[in-house]
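**Student:** Any chance you could fold what I've pasted below:
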Amino acid sequence: MACFGLYCGKTLLFKNSSTEIYGECGACPRGQRTNDQKYCQPCTDPPELYDWLYLGFMAMLPLVSHWLCIQWNAKNSNSRGVFFQQVSALLECSMAAVVTLLVSDPIGTLVIHSCRVLMLSDWYTMLYNPSPDYITTVHCTQEAVYPLYTIVFVYYAFCLVLMMLLRPLLVKKIQWHLYVSNQLESMYAALYFFPGLTVLQAVAGGLLYYAFPYIVLVASLANLAVYLVFAKVESYSDLIKKDRLLVLFSQWFLHAYGLLALSRGQQLEQDLLLLTLVPVPTLFYFFTIKFTKPSRIIIEGTKEH
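**Tutor:** Residues are numbered from 1 along each chain as shown. Alright, predicted model coming up:
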């Protein structure tokens, strides 16, 4: 029977030196996808740089959410306690990422095998099953982007488990109650944002795959602009303070991350040229702040009257 449908294929059942026997047309097993001849082939390619950057972006979402919740729930708390909680969140997410790679194929290594992402429809194979008008209805829903879709769910699960195991233990061990009065509020918040992140990946994983470089760039630029304005950074001396430098370098890292993902790492010379643009928004701010400073505008407006 011929294979209809974009993602239907025939699975290899038996193979020897002269014979190959394939099963009926249907969905390929996990870890395989159909080729141009409608045969299911194992995914053995290493992920491209862009794929790793996408996985890094999805891995950063829980970490950033943790940090925002910790900061929000500790407005009136000692900064030392907030720092310890943020380090704990970083440790939890880092351990979850390592464990996720270890349990992925090939098991026990920090590398993974994957299928190439060819188009947006690869993320939504359930929408491309053959029409029921055919004599035999075949359902070919599968993970054509193996393992980029499911590995994120596994990572989120490990993040949640490690948070439940490690953070209460560290809270008790280090006695954060001396520094933070509501040290477990961020854990309760995670019980809300993890389901949200899971639904986001399930519904919009493919869209995020193609849009995350632009999301990172816009978010880093907007966050940098808001921070420079509200922190009242008006000169170089205001910027070189320790806490502000940390924020600045974090924003520069995100900006470089987005530029590298946008270029897809195809040409090293072009990537290095793009990375030189990372400090440009900050330099532009300092060169123009004297013309846009609100107090200067108010004073000049008063003089004119």
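
**Student:** And for Leu208, the neighbour number?
**Tutor:** Counted with other C-beta atoms under 10 Å, the neighbours of Leu208 add up to 18. C-beta coordinates here come from the backbone N, C-alpha and C atoms, glycine included.

**Student:** Can you give me the pLDDT of it?
**Tutor:** For Leu208, the model assigns a pLDDT of 95.

**Student:** In which helix or strand does it reside?
**Tutor:** For Leu208, the element it lies in under DSSP states H and E is helix 185-230.

**Student:** chain center to that helix, what's the gap?
**Tutor:** Remark: helix 185-230 is offset 8 Å from the chain centroid, using C-alpha atoms, centre = their mean, to the nearest Å.

**Student:** Over to stretch 41-50?
**Tutor:** 18 Å.

**Student:** Give me the buried positions along that stretch.
**Tutor:** Of the residues in stretch 41-50, Cys43, Pro47, Tyr50 count as buried by neighbour count, 16 or more other C-beta atoms under 10 Å.

**Student:** Dump the residues you listed to JSON lines, plus distance to Phe57 and pLDDT.
**Tutor:** Shown next, in JSON lines, are the buried residues of stretch 41-50 (distance: C-beta to C-beta, whole Å; pLDDT from 0 to 100):
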{"residue": "Cys43", "distance to Phe57": "21", "pLDDT": "88"}
{"residue": "Pro47", "distance to Phe57": "13", "pLDDT": "92"}
{"residue": "Tyr50", "distance to Phe57": "10", "pLDDT": "92"}
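
**Student:** ok, so of those residues, who is nearest Leu13?
**Tutor:** Taking C-beta to C-beta as the measure, Leu13 lies nearest Cys43 of the buried residues of stretch 41-50, at 18.8 Å.

**Student:** which one is the closest one nearest to, not counting chain neighbours?
**Tutor:** Cys115 (4.0 Å; C-beta to C-beta, 6 or more residues apart in numbering).

**Student:** tell me the mean pLDDT over the strand or helix carrying Val247?
**Tutor:** Assigned by DSSP H and E, Val247 falls within helix 242-263. Regarding helix 242-263, the rounded mean pLDDT is 80.

**Student:** How about residues contacting that helix?
**Tutor:** For helix 242-263, the surrounding residues in contact (C-beta atoms under 8 Å, 6 or more residues apart in numbering) are 49-50, 53-54, 56-57, 212-217, 219-221, 223-224, 227, 231, 233, 238-239, 270-271, 274-275, 277-279, 281-282.

**Student:** Now, of the residues you listed, which are buried?
**Tutor:** Taking 16+ other C-beta under 10 Å as the criterion, what is buried in these is 50, 53-54, 57, 212-213, 216-217, 220, 224, 233, 239, 271, 274, 278, 281-282.

**Student:** average pLDDT across stretch 124-131?
**Tutor:** Across stretch 124-131, pLDDT averages out at 80.

**Student:** right, I mislabeled it, should have said stretch 21-35
**Tutor:** 87.

**Student:** got the buried residues for it?
**Tutor:** Cys25, Gly26, Ala27, Cys28, Gly31, Gln32, Arg33, Thr34.

**Student:** which one among those gets closest to Phe84?
**Tutor:** Nearest to Phe84 among the buried residues of stretch 21-35, with distances taken as C-beta to C-beta, is Gly31, at 40.4 Å.

**Student:** I'd assumed Pro106 was in contact with the closest one.
**Tutor:** No: in this structure, Gly31 is not within contact of Pro106 by C-beta atoms under 8 Å, at 10.7 Å.

**Student:** Now do the shared contacts for these two.
**Tutor:** His113.

**Student:** quick one, what contacts Met164?
**Tutor:** Applying C-beta under 8 Å, 6+ apart, the residues near Met164 are Met187.

**Student:** Which of the helices or strands spans it?
**Tutor:** According to DSSP H and E, Met164 maps onto helix 150-174.

**Student:** out of everything not next to it in sequence, what's closest to Val98?
**Tutor:** Closest to Val98 by C-beta to C-beta, 6+ apart is Leu110, at 7.2 Å.
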